[in-house]
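Novice: only geometry, no sequence info:
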Ligand SMILES: Nc1ncnc2c1ncn2[C@@H]1O[C@H](COP(=O)(O)OP(=O)(O)OP(=O)(O)O)[C@@H](O)[C@H]1O
Ligand SMILES: [Zn+2]
């Protein structure tokens, strides 16, 4: 009987899948094999070679084709009689509005970024369609269920920001290889190739507080300097001179191992002139061939790192001149990875930190967590289990399930009961927010960028003050109205047609997401540049970002990231949050605390599996 009900629920269901990547391919296959007959799938991407190792519905011949379409065709080959509709599009496109979402019984996410997840969450709330959300990071993964009014929504909990490091650790006292990587990409790379106007703490300060940056133009090449001379000078400055200056701060080294300055003359007694790097097939430049290196898994000697550093630096100036001034580190930029690896290794050597291979350094610099196909398969299976429960809607026994890397209570899959909606969540509970802002100096455009788009995640916002419409986004706006909005963007809040002052309530609405939110304005004259870099503070719904900002400096190097990693680290965090609650019962049973929230990401904590030693923990390095 039960199985009949289940079969009917599955057969009659119309489901929307968002994302046809690692999780999506597994999910589409599992849905089809479980008896689902009407599946719609949205993915904006085309197939790349890097997808083929785990997105098994795709073959080499599919490269460049739509993921959604190819996934559909592949599954129809073994389930020809079911309906699969594919959309090669961004889920944030206007066609996927509330009306579109309403036709589905459940929405299943297999996405890789926060932005799209938040958007789908809002559309599911607005259309009252249950959402099964998922994510994986290597061996870790999770499936969560979000049902309007019954469970927390995807945004009820604040999201953590990527891990940051104290400025002084990066600039003066690195103790781990990751500190050298952050220094190499966020400071050195940024200084040499990035936006010159950005704050950059590359130069250390001597004991009298004087910066080593005597000459403003220490990183500029002078007209009489050739490239080889310039590269050597930069090398000696950052690895030699700067370290010598740092050593004058005796207090710093009282309890620490002193670093060793490294000058070119110590590493490469005779500098040979080398030929230029060669162009890779895909057009990217590499310094490796000309310095006689090819194995990315090998750890280079300090002389080899020096050669790579000098060659890469030269190649940037000779062959990628046009990009200089606009570059930010990108893990897919071969030359940038080579430069950062070499620079990080030379610095690591100076500080007595073990060196790493290009492959390892790239992983650390790009925050790459290698995908594990089995985790995606397990997560896809769990999504289908939860989707079936949602469709049957019998006894509300939904579970948030976390896939962990090491057994906890001998379990690798940890089911947790869902939480209730957070009453102060501005997304599902529509609670008002408070914005402290200088209404006399802040322009509307700053409010739109920093608050409406970045913080509130709105894509098609409309801003009202009382009954006055002051800003709106839309393709079909009449010319004079659009021009009026553009003028408003340049106005200070106080000067808008309906002036924003202390006590004003702004209404911000996203028409596509059907989300509306009231923001109470509190005028404030001064903001701390370091702690409140936005020059405005949104509260009521406290985001992790705000919390972190108040404790760290604005110039603090951050592991900035692509969406993949932000969303993935967030999933790890969510795992930890829920698991820390599970750990409470373990704590009671074992009398020991399970340190799942251990901040030091080098330490893994594992319960001893031997029942005789069940209250023991091992700390793995
Ligand atoms: N806004 C969006 N609209 C539609 N599809 C999206 C959107 N954002 C992300 N996706 C899709 O979600 C999928 C996520 O899959 P996955 O995490 O495996 O990433 P990937 O891009 O395939 O692989 P990787 O990033 O690991 O190289 C991708 O296929 C991506 O195109
Ligand atoms: Zn919520």
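Specialist: Thanks, I have the structure now. Because the structure is predicted, anything quoted here is derived from the model rather than measured. Ligands and ions are numbered 1, 2, ... in the order given.
Novice: every contact and neighbour count from this point should use C-alpha atoms.
Specialist: Fine.
Novice: helices of the stretch 401-550 of the chain, start to end?
Specialist: Remark: helices assigned in the stretch 401-550 of the chain by DSSP state H, counting those that start in this stretch are 444-447, 479-489, 544-551.
Novice: contact partners for the closest residue to residue 71 other than its chain neighbours?
Specialist: Distances taken as C-alpha to C-alpha, 6 or more residues apart in numbering put residue 57 closest to residue 71, at 5.7 Å, once the chain neighbours are dropped. Taking C-alpha atoms under 8 Å, 6 or more residues apart in numbering, we find residue 57 in contact with 25, 70-71, 74-75.
Novice: tell me the one of these nearest ligand 2?
Specialist: residue 25 (28.4 Å; C-alpha to the ion).
Novice: what's the nearest residue to residue 380 if we skip its chain neighbours?
Specialist: residue 27 is the one closest to residue 380 (C-alpha to C-alpha, 6+ apart), at 4.7 Å.
Novice: tell me, how many residues neighbour that neighbour?
Specialist: Residues within reach of residue 27, counting by other C-alpha atoms under 10 Å, total 27.
Novice: now do the one 5 residues further on
Specialist: Around residue 32 sit 20 other residues, with neighbours defined as other C-alpha under 10 Å.
Novice: try the one 4 residues further on
Specialist: Residue neighbour count, defined by other C-alpha under 10 Å, stands at 25 for residue 36.
Novice: surely it touches residue 16?
Specialist: No. Using C-alpha atoms under 8 Å, residue 36 makes no contact with residue 16, being 11.3 Å away.
Novice: that older thread, could you dump the contacts of residue 57 to a markdown table with neighbour count, distance to ligand 1 and pLDDT?
Specialist: Formatted as a markdown table, those follow (neighbours: other C-alpha atoms under 10 Å; distance: C-alpha to the nearest ligand atom, whole Å; pLDDT from 0 to 100):
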| residue | neighbour count | distance to ligand 1 | pLDDT |
| --- | --- | --- | --- |
| 25 | 26 | 9 | 98 |
| 70 | 20 | 12 | 98 |
| 71 | 24 | 11 | 98 |
| 74 | 18 | 15 | 98 |
| 75 | 20 | 16 | 98 |
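Novice: now, which of those sits nearest residue 192?
Specialist: Nearest to residue 192 out of the contacts of residue 57 is residue 25 (C-alpha to C-alpha; 41.5 Å).
Novice: what kind of secondary structure is that closest one in?
Specialist: helix (DSSP: H, G, I helix; E, B strand; the rest coil).
Novice: once you drop chain neighbours, what's closest to it?
Specialist: According to C-alpha to C-alpha, 6+ apart, the nearest residue to residue 25 is residue 55 (5.8 Å).
Novice: doesn't the one you found fall inside a helix?
Specialist: No. Assigned with three-state DSSP, residue 55 falls outside any helix and is coil.
Novice: show me the contacts for it.
Specialist: Residue 55 makes contacts with 21-22, 25-26, as judged by C-alpha under 8 Å, 6+ apart.
Novice: repeat the analysis, applying 7 Å as the threshold.
Specialist: Applying C-alpha atoms under 7 Å, 6 or more residues apart in numbering, we find residue 55 in contact with 21-22, 25.
Novice: which stretches of the stretch 351-500 of the chain have low pLDDT?
Specialist: Applying pLDDT under 70 to the stretch 351-500 of the chain flags residues 394.
Novice: from it, which residue is nearest to ligand 1?
Specialist: Closest approach between the stretch 351-500 of the chain and ligand 1, counting by C-alpha to the nearest ligand atom: residue 371, at 6.7 Å.
Novice: distance of that residue relative to residue 137?
Specialist: According to C-alpha to C-alpha, to the nearest Å, residue 371 and residue 137 sit 6 Å apart.
Novice: show me which of these two is the more surrounded one.
Specialist: Taking neighbours as other C-alpha under 10 Å, residue 371 and residue 137 compare with residue 137 leading, 23 against 16.
Novice: right, and that one touches residue 369 too?
Specialist: Yes. Contact criterion C-alpha atoms under 7 Å: residue 137 and residue 369 qualify, at 6.4 Å.
Novice: could you check how many residues crowd around the closest residue to residue 468 other than its chain neighbours?
Specialist: Closest residue to residue 468 apart from its sequence neighbours, by C-alpha to C-alpha, 6+ apart: residue 498 at 6.6 Å. Using other C-alpha under 10 Å, residue 498 has 16 other residues around it.
Novice: so what does residue 498 have for phi and psi?
Specialist: Backbone torsions of residue 498, given as degrees, to the nearest 10, read phi -110, psi 100.
Novice: I'd assumed residue 464 was in contact with it.
Specialist: No. With contact defined as C-alpha under 7 Å, residue 498 does not count as touching residue 464 (9.1 Å).
Novice: closest point of the protein to ligand 2, which residue?
Specialist: For the chain, C-alpha to the ion, closest residue to ligand 2: residue 156, 3.5 Å.
Novice: residues contacting that residue?
Specialist: Contacts of residue 156 (C-alpha under 7 Å, 6+ apart): 421-422, 425.
Novice: and ligand 2, which of the residues you listed contact it?
Specialist: Taking C-alpha under 5 Å from the ion as the test, ligand 2 is in contact with residue 425 out of the contacts of residue 156.
Novice: which other residues reach stretch 412-421?
Specialist: Residues contacting stretch 412-421 (C-alpha under 7 Å, 6+ apart): 149-153, 156, 398-406.
Novice: out of those, which are inside strands?
Specialist: Counting by DSSP state E, the part of those found in strands is 400-406.
Novice: now flag whichever of the residues you listed is closest to residue 481.
Specialist: residue 400 (46.8 Å).
Novice: burial of that closest one, as a residue count?
Specialist: If you count neighbours by other C-alpha under 10 Å, residue 400 ends up with 23.
Novice: now swap in the one 10 residues further on and tell me
Specialist: Around residue 410 sit 11 other residues, with neighbours defined as other C-alpha under 10 Å.
Novice: equivalent analysis for residue 328, please.
Specialist: There are 18 residues near residue 328, going by other C-alpha under 10 Å.
Novice: what pLDDT does the model give it?
Specialist: Per-residue pLDDT puts residue 328 at 91.
Novice: look up phi and psi at the residue lying closest to it once chain neighbours are set aside.
Specialist: The shortest distance from residue 328 to any non-neighbouring residue, by C-alpha to C-alpha, 6+ apart, is to residue 194 (5.9 Å). The phi and psi values for residue 194, taken as degrees, to the nearest 10, are phi -100, psi -160.
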